[in-house]
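J.: Structural data only, the sequence is not supplied:
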């Protein structure tokens, strides 16, 4: 996957606008960043919950890694573009986009119904 592929996935989501901060492109909806491209052109980032991040790390360890520091512990997840495949990146980005929209979502991907 290239940085252009990552950008195309982001911009295909309704209401998404490309902006920039700290010298690199970001993708926003409702004026909230949900994804970005690093200045190196080799790494993207999607904002997930820590629980969602863990699912992607478990299922696609070669494509995803936690972002450095506190951002990564909070769920920000790097996408290694050279190793990434479209379907998992699209799924992760969709979760991040939904959160930026303010739509409620399950805390994990596996549990979508509340516990009894």
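T.: Everything's here; your move. Because the structure is predicted, anything quoted here is derived from the model rather than measured. Numbers count the residues shown, from 1 in each chain.

J.: how about the strands in the protein?
T.: Counting by DSSP state E, one finds strands in the chain at the ranges 17-21, 24-29, 32-37, 43-47, 64-66, 76-80.

J.: for the protein, longest helix please?
T.: Secondary structure of the chain read by DSSP state H shows that its longest helix is helix 86-101.

J.: now that one, how far from the centre of its chain.
T.: Its chain's C-alpha centre lies 6 Å from the corresponding centre of helix 86-101 when counted by CA atoms, centre = their mean, to the nearest Å.

J.: cool, and stretch 68-88?
T.: Centroid separation between stretch 68-88 and its chain, computed with CA atoms, centre = their mean, is 7 Å.

J.: buried sites along that stretch?
T.: Along stretch 68-88, these residues count as buried under the neighbour rule (16 or more other CB atoms under 10 Å): 72, 75, 76, 77, 78, 79, 81, 84. C-beta: built from backbone N, CA, C; applies to glycine.

J.: before we move on, back to that, of all the strands of the chain, which one comes closest to residue 100?
T.: In terms of CB to CB, the element of these nearest to residue 100 is strand 32-37, at 3.9 Å.

J.: mind checking how far residue 85 is from residue 45?
T.: Taking CB to CB, to the nearest Å as the measure, residue 85 falls 17 Å from residue 45.

J.: Between its first and last residues, how far does stretch 8-15 reach?
T.: Distance across stretch 8-15, first residue to last, is 13 Å (CA to CA, to the nearest Å).

J.: Buried residues in it, which are they?
T.: Judged by neighbour count using 16+ other CB under 10 Å, the buried positions of stretch 8-15 are 9, 10, 13.

J.: mean confidence for that stretch?
T.: Taken as a whole, stretch 8-15 carries a mean pLDDT of 97.

J.: Cool, thanks, signing off.
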